[in-house]
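*Asks:* Please find the sequence and the predicted model below.
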Amino acid sequence: MLKSALSQLQTIWTILQHSFTRSETVQYPEQKPYLAPRYRGRIVLTNDPDGEERCVACNLCAVACPVDCIALQQGVKEDGRWYPEFFRINFSRCILCGMCEEACPTNAIQLTPDFEMCEYDRQNMVYEKEHLQIDGTGKYHDYNFYRVAGLAIAGKDKGAARNEAEPVDVRSLLP
Amino acid sequence: MAEPGLGTLGTIAFGIAIIAAAVGGAAVLTWFERRLLGIWQDRHGPNRLGPFGVLQVVADMLKLLTKHDWVPPFADRAVFVFAPTAIVVAMLLGFAVVPFGPDLYVLDLNIGLLFFLGMTSLAVYSVLLGGLASNNKYALLGGLRSAAQMVSYEVFMGLSLMGVVMLAGSFSLRDIVEAQRELWFCIPQFLGLLTFTVAGIAESHRLPFDLPEAEHELTAGFHTEYGGMKFAMFMLGEYLGLILISAMIVTLFFGGWLGPWLPPVVWFGLKVFALICFFILLRAAIPRPRYDQLMTLGWKVMLPLTLLNLMATGALALWWRA
Ligand code: SF4
Ligand code: SF4
């Protein structure tokens, strides 16, 4: 009985000491919290170091997305590159899980540390390609898919990619 | 009844001033309590609107005023509407006997203390009736608990003050304050202070003892069905109760308006303010007991303590006089 009464008094004392501790609150709109570069926020589409669109419209992100909020249409440019004719992310559905970023073979789709995407109209949460595409390379500065991939495009033939052997001439008998 | 210290007109004006001050104080207290709780829980509390967020009170008031004033169709309409008024009226009447200064009071009843006890006990009916009239399981449980709580604390609440009455030799609050010129009653009547504080918290349904409300178990207890201004009345009543109990403890145990240098009213206000802070600290620190624990505490600990205090005070008073 006495012990529990003492414990109550001790609680009161502990709480009283908290008059002098600092508040843990981050006063959000005025005081922004630090967000790490790998924070999963608004999604962007990036360019490769040469300034070309990275996305090759492979649809892997759309497949990986657990809530099916990515829609895109593949097209082919004259130089042989694939690109998305349109690329649409419905952010009112997106759960910012980052699966798309994991799935992307070209590092095109990336999540950024920005989460302030409020809209009064739900329709405005649907981002088209022109809203998603940025000029920079995002988090990966040196990666260029076409320089390591085997696909031939204008200015880069079969076997010209980094670490790629010359194609084998299947009609030749020479070893 | 004794002569009013301010004359008839003055008394009426002072009464109105007290009502305004008490209601205003209760309103500001809602904000102040949240800020203090915030500080003690390492956060800020409402700090957006106006200087230090004090305009939050106005915002809350506007919100409550513009809310749909709804009476559930299954409720007992007349009682449902009456209940929240009762608590405010009872608590405000309680303020009538509080002496704010040597000549600053509305009523100087020779049974002022009994009047106060009666008024605060009336306030319990409000909770009971509110719970009953809502016709809702949770509200009924809240009402039931408040009845059980009343039975367990009302007994020692009255008894705990008898020591003070014995020492002062009067039921009039003014005489009680005057009797503390030499020594505040908080020292000779320490047990009385302790038990009365516990009873006072239970009386005003504040947290450790807000069992009738207990939002974690009973949604909101007796006022589950209340909204808008009726809910605001309950809240107002609760905060008025807090101020009233603090004022009472100050009057009975901490020498009321007595104090050096500063004018008496200021002293009274300061003491009440300090006590209110203490009650808020209790709210921040102490968890709510189960209600059988509350009853056990009331009957098995507090009541014997009060009786002991009463007997000791009586014996000492007799011995001292002889
Ligand atoms: S972050 Fe997750 S939910 Fe959002 S688009 Fe990518 S895969 Fe879909
Ligand atoms: S963003 Fe990446 S995964 Fe998605 S279609 Fe483009 S290249 Fe493929």
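*Replies:* Sure thing, it's come through. Numbering: from 1, shown residues only, chains lettered A, B, ... in the order given. Ligands and ions are numbered 1, 2, ... in the order given.

*Asks:* Now do whichever residue of chain B sits closest to ligand 1, the pLDDT please.
*Replies:* Proximity of chain B to ligand 1 (CB to the nearest ligand atom) peaks at B:Arg43, 31.4 Å away. Where you see a C-beta, it was placed from the backbone N, CA and C, and this is true even at glycine. Predicted confidence (pLDDT) for B:Arg43: 84.

*Asks:* Now the phi/psi pair for the residue lying closest to A:Glu102 once chain neighbours are set aside, please.
*Replies:* Once flanking residues are discounted, A:Glu102 sits nearest to A:Ala64: 6.8 Å by CB to CB, 6 or more residues apart in numbering or on different chains. Note on A:Ala64: its backbone torsions stand at phi -70, psi -30 [degrees, to the nearest 10].

*Asks:* Is A:Ala64 in contact with A:Gly98, as I believe?
*Replies:* No: A:Ala64 lies out of contact with A:Gly98 (CB atoms under 8 Å); the separation is 9.7 Å.

*Asks:* Could you pick out the residues of chain A near ligand 2 for me?
*Replies:* A:55-61, A:72, A:103-104, A:106, A:108-109 (CB under 6 Å from any ligand atom).

*Asks:* Who wins on neighbours among these?
*Replies:* For the residues of chain A next to ligand 2, the largest neighbour count, defined by other CB atoms under 10 Å in any protein chain shown, is 28 neighbours, found at A:Ala108.

*Asks:* and the gap between the spatially most central residue of chain A and B:Pro287?
*Replies:* With distances taken as CA atoms, centre = their mean, A:Gln110 lies nearest the centre of chain A, 1.9 Å away. Using CB to CB, to the nearest Å, A:Gln110 is found at 47 Å from B:Pro287.

*Asks:* And stretch B:126-142, what's buried?
*Replies:* By neighbour count, with 16 or more other CB atoms under 10 Å in any protein chain shown as the criterion, the buried positions of stretch B:126-142 are B:126-136, B:138-142.

*Asks:* Restricting to C-alpha, output stretch B:113-128 in PDB.
*Replies:* The C-alpha coordinates for stretch B:113-128 follow below in PDB (Å, rounded to 0.1, in the frame of the first residue of the first chain):
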ATOM      1  CA  LEU B 113     -19.300  24.500   3.800                       C
ATOM      2  CA  LEU B 114     -22.500  22.400   3.800                       C
ATOM      3  CA  PHE B 115     -23.800  24.500   1.000                       C
ATOM      4  CA  PHE B 116     -20.700  23.800  -1.100                       C
ATOM      5  CA  LEU B 117     -20.900  20.000  -0.300                       C
ATOM      6  CA  GLY B 118     -24.500  20.000  -1.300                       C
ATOM      7  CA  MET B 119     -24.000  21.800  -4.600                       C
ATOM      8  CA  THR B 120     -21.100  19.600  -5.700                       C
ATOM      9  CA  SER B 121     -23.200  16.500  -4.800                       C
ATOM     10  CA  LEU B 122     -26.000  17.800  -6.900                       C
ATOM     11  CA  ALA B 123     -23.600  17.900  -9.800                       C
ATOM     12  CA  VAL B 124     -23.400  14.100  -9.700                       C
ATOM     13  CA  TYR B 125     -27.000  13.900 -10.600                       C
ATOM     14  CA  SER B 126     -26.200  15.600 -13.900                       C
ATOM     15  CA  VAL B 127     -23.800  12.800 -14.800                       C
ATOM     16  CA  LEU B 128     -26.200  10.100 -13.500                       C
END
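
*Asks:* any residues touching it, and which ones?
*Replies:* Residues from elsewhere that reach stretch B:113-128 (CB atoms under 8 Å, 6 or more residues apart in numbering or on different chains): B:83-87, B:90-91, B:93-94, B:96-98, B:107, B:109, B:142-143, B:146-147, B:150, B:154, B:157-158, B:161, B:165, B:171-173, B:176, B:203, B:205, B:212, B:222, B:234, B:237, B:241, B:244-245, B:248, B:252.
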